[in-house]
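Trainee: predicted model follows, preceded by the sequence.
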Amino acid sequence: FHSRYFRYIPSCLSAATSRVEFKMFHHIFCQKYQFKLTSFPFDEYMELQFEKFILDSIEISPASWCLFGVLLFLQYFRQSVYPNIYICKETEDCNVIRYSNGFM
């Protein structure tokens, strides 16, 4: 099926399709690893694997935190050295300092 045709499938058929797919995956998994269908808690296994996948996907490495800290420090340093920096446009007079709210 193409994805645009899925909107025409009633929700009860969609849920039934999901259950059939899950049972197929369960059966294939148990055949591949030679488990009995009733003895292996496939739903719990899939839940744990999905949770592990999500946590691994959103985990931020220490190197990324260090890079973020360095960039944050550089931004703070730039703001403390040049607090009122203003980049003028080509159409403006660059000798006049403009403030966004009109106050100094």
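Mentor: Done, it's in.
Trainee: if I look at Ser18, how far off is Phe77?
Mentor: 53 Å (Cβ to Cβ, to the nearest Å). No exception for glycine: its C-beta is placed from N, CA and C like everyone else's.
Trainee: before we move on, what about Phe25?
Mentor: Between Phe25 and Phe77 the computed distance is 53 Å (Cβ to Cβ).
Trainee: same question for Lys52.
Mentor: 39 Å.
Trainee: ditto for Ala15
Mentor: 56 Å.
Trainee: ok, now Trp65?
Mentor: Taking Cβ to Cβ, one finds Trp65 at 19 Å from Phe77.
Trainee: where does the protein have low pLDDT?
Mentor: 1-13, 83-104 (pLDDT under 70).
Trainee: and the strands in it?
Mentor: Listed in chain order, the chain contains no strands at all (DSSP state E).
Trainee: can you map out the helices along it?
Mentor: Taking DSSP state H to define them, one finds helices in the chain at 11-32, 42-58, 62-81.
Trainee: adding mean neighbour count, write those helices out as a markdown table.
Mentor: Shown next, in a markdown table, are the helices of the chain (neighbours: other Cβ atoms under 10 Å):
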| stretch | mean neighbour count |
| --- | --- |
| helix 11-32 | 11 |
| helix 42-58 | 10 |
| helix 62-81 | 10 |
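Trainee: OK, contacts around Ala63?
Mentor: For Ala63, the contact set (Cβ atoms under 8 Å, 6 or more residues apart in numbering) is empty.
Trainee: against Met24, how distant is it?
Mentor: When Ala63 is compared with Met24 (using Cβ to Cβ), they lie 41 Å apart.
Trainee: ok, now Ser14?
Mentor: Counting by Cβ to Cβ, the gap from Ser14 to Met24 is 16 Å.
Trainee: go on, Gln49?
Mentor: 17 Å.
Trainee: same check, this time on Val81
Mentor: Val81 is 63 Å from Met24, by Cβ to Cβ.
Trainee: and what of Ile54?
Mentor: Distance of Ile54 to Met24, given as Cβ to Cβ: 23 Å.
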